[in-house]
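Peer 1: coords please:
(2 chains)
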Amino acid sequence: MRTGIVVFPGTWSDRDCAHAVGEILGEPVRYVDHRERDLHDLDLVILPGGFSYGDYLRCGALARFTAVMEAVSDFANRGGLVLGICNGFQILQEARLLPGALLRNASCEFRCEWVHLRVEQSDSAFTLDSRPGQVLRIPISHGEGNFFADPHTLESLERDGRVVFRYCAPDGRVTAAANPNGSLRNIAGISNARGNVVGMMPHPERACEALLGGDDGLAVFRSAIHALARVPV
Amino acid sequence: MYRAEVFVTLKEVVNDPAGLTIRGGLHALGFESVKDVRAGKYLVITVDEPDEDHARARVEDMAHQLLANAVIEDFRIELRPEPALQSPSPARGGGQGGGRS
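Peer 2: Presented below is the predicted three-dimensional model:
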């Protein structure tokens, strides 16, 4: 799985992603500078977490206008796999590759903690290896992850099975107490209609080794490997 | 030259945690009459455009493309003519070290 990890000024999870995909899974990885325009050598593009452009104006608003995001858009439209994590999710929404927006956490606090996610569907490129209802334990680290979409968009996401992950209790129940940021319907991750683009607030790259507290995040990256084996891009 | 003040606020239907927190702070200070607070962003943009219509059209375009996210935010623009920017006047007081008063 030839993986490109996009680096904007202010990105900070790029090396964690490279470690997870390159070192732990042993797949070829390269960093992609925000000025690059050619992604033809890649199967998967990861937009990692961080504070691109200092989060100025709105999280992800300025990263959207970089050269690489035009290329990411073309790449996604060609069916290439795109995973936006945390700030990467915010960027995908600003770029209109995914719907909705991420507001300030309802608590107004930056939340950095382990959460549980219920896998809602196993059709997306990043949940193929999971089964619906499975619970993953993965950390979050954000101040603005409060998922919002207008009622019409929300309904279409639900109807089309595009809600990929929800915050849940350890036993899989979706409860208000398990919602760390006020996200509508506990939504932690969504996909586009085709299932090749997924955005999620939690950090699977930080949950890939038992040494660091758990390896449930590997399922996300392994799914992408299997998605590529199944459908040639 | 025109000076545009752009006010970006969350839509009424969007929950505003910052506004709610500020409201709580005001209540704690004894301002019980505060019913609602909406927090937002304020930008001042100076544009070199020939007339007000052009200036407004340009700033609206900026707001649609970048300054506001239509999914969650509304914006309002106030425009007024701005005298052409002057180059900084020489320091008063003359001589080296001048300008310190």
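
Peer 1: How about the residues of chain B by chain A?
Peer 2: Near chain A, the residues belonging to chain B are B:10, B:13-15, B:17-18, B:21, B:41, B:66-67, B:69, B:71-72 when assessed by Cβ under 8 Å from any Cβ of the partner chain. In short, each C-beta sits where N, CA and C put it, glycine included.

Peer 1: farthest-separated two in those residues?
Peer 2: Using Cβ to Cβ, those span at most 26.6 Å, a distance reached by B:T21 and B:L66.

Peer 1: residues in contact with residue 74?
Peer 2: Using chain A. When contacts are counted by Cβ atoms under 8 Å, 6 or more residues apart in numbering or on different chains, A:D74 touches A:L39.

Peer 1: wrong one, I was asking about chain B
Peer 2: Shown in contact with B:D74 (Cβ under 8 Å, 6+ apart): B:V8, B:T9, B:L10, B:K11, B:A68.

Peer 1: Narrow those to those in strands?
Peer 2: Among these, the ones falling in strands (DSSP state E) are B:V8, B:T9, B:L10.

Peer 1: What segments of chain A are strands?
Peer 2: Using DSSP E, strands in chain A cover A:3-7, A:29-33, A:44-47, A:81-85, A:101-103, A:111-119, A:135-142, A:146-148, A:163-168, A:187-191, A:197-200.

Peer 1: Tabulate the ones you listed in JSON lines, adding columns for distance to chain B, mean pLDDT and mean neighbour count.
Peer 2: Below are these laid out as JSON lines (distance: least, Cβ to the nearest Cβ, whole Å; pLDDT from 0 to 100; neighbours: other Cβ atoms under 10 Å in any protein chain shown):
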{"stretch": "strand A:3-7", "distance to chain B": "20", "mean pLDDT": "98", "mean neighbour count": "26"}
{"stretch": "strand A:29-33", "distance to chain B": "22", "mean pLDDT": "98", "mean neighbour count": "17"}
{"stretch": "strand A:44-47", "distance to chain B": "17", "mean pLDDT": "98", "mean neighbour count": "28"}
{"stretch": "strand A:81-85", "distance to chain B": "16", "mean pLDDT": "98", "mean neighbour count": "29"}
{"stretch": "strand A:101-103", "distance to chain B": "4", "mean pLDDT": "96", "mean neighbour count": "26"}
{"stretch": "strand A:111-119", "distance to chain B": "12", "mean pLDDT": "98", "mean neighbour count": "19"}
{"stretch": "strand A:135-142", "distance to chain B": "13", "mean pLDDT": "98", "mean neighbour count": "21"}
{"stretch": "strand A:146-148", "distance to chain B": "6", "mean pLDDT": "97", "mean neighbour count": "25"}
{"stretch": "strand A:163-168", "distance to chain B": "17", "mean pLDDT": "98", "mean neighbour count": "25"}
{"stretch": "strand A:187-191", "distance to chain B": "13", "mean pLDDT": "98", "mean neighbour count": "28"}
{"stretch": "strand A:197-200", "distance to chain B": "14", "mean pLDDT": "98", "mean neighbour count": "27"}
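
Peer 1: could those go into JSON lines alongside distance to B:V47?
Peer 2: What follows is these, written out as JSON lines (distance: least, Cβ to Cβ, whole Å):
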{"stretch": "strand A:3-7", "distance to B:V47": "32"}
{"stretch": "strand A:29-33", "distance to B:V47": "32"}
{"stretch": "strand A:44-47", "distance to B:V47": "32"}
{"stretch": "strand A:81-85", "distance to B:V47": "33"}
{"stretch": "strand A:101-103", "distance to B:V47": "27"}
{"stretch": "strand A:111-119", "distance to B:V47": "40"}
{"stretch": "strand A:135-142", "distance to B:V47": "35"}
{"stretch": "strand A:146-148", "distance to B:V47": "31"}
{"stretch": "strand A:163-168", "distance to B:V47": "42"}
{"stretch": "strand A:187-191", "distance to B:V47": "37"}
{"stretch": "strand A:197-200", "distance to B:V47": "34"}
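
Peer 1: neighbour-wise, which of the ones in strands among the contacts of B:D74 leads?
Peer 2: For those, the largest number of neighbours (other Cβ atoms under 10 Å in any protein chain shown) sits with B:L10, at 24 neighbours.

Peer 1: Narrow the residues of chain B next to chain A to just the buried residues.
Peer 2: B:L10, B:V14, B:P17, B:T21, B:L67, B:N69, B:V71, B:I72 (16 or more other Cβ atoms under 10 Å in any protein chain shown).

Peer 1: before we move on, the earlier item: I'd like to know which of the contacts of B:D74 is nearest to chain A.
Peer 2: Relative to chain A, the closest of the contacts of B:D74 is B:L10; by Cβ to the nearest Cβ it sits at 7.6 Å.

Peer 1: Which residue comes closest to A:L62 once chain neighbours are left out?
Peer 2: A:Y53 (3.8 Å; Cβ to Cβ, 6 or more residues apart in numbering or on different chains).
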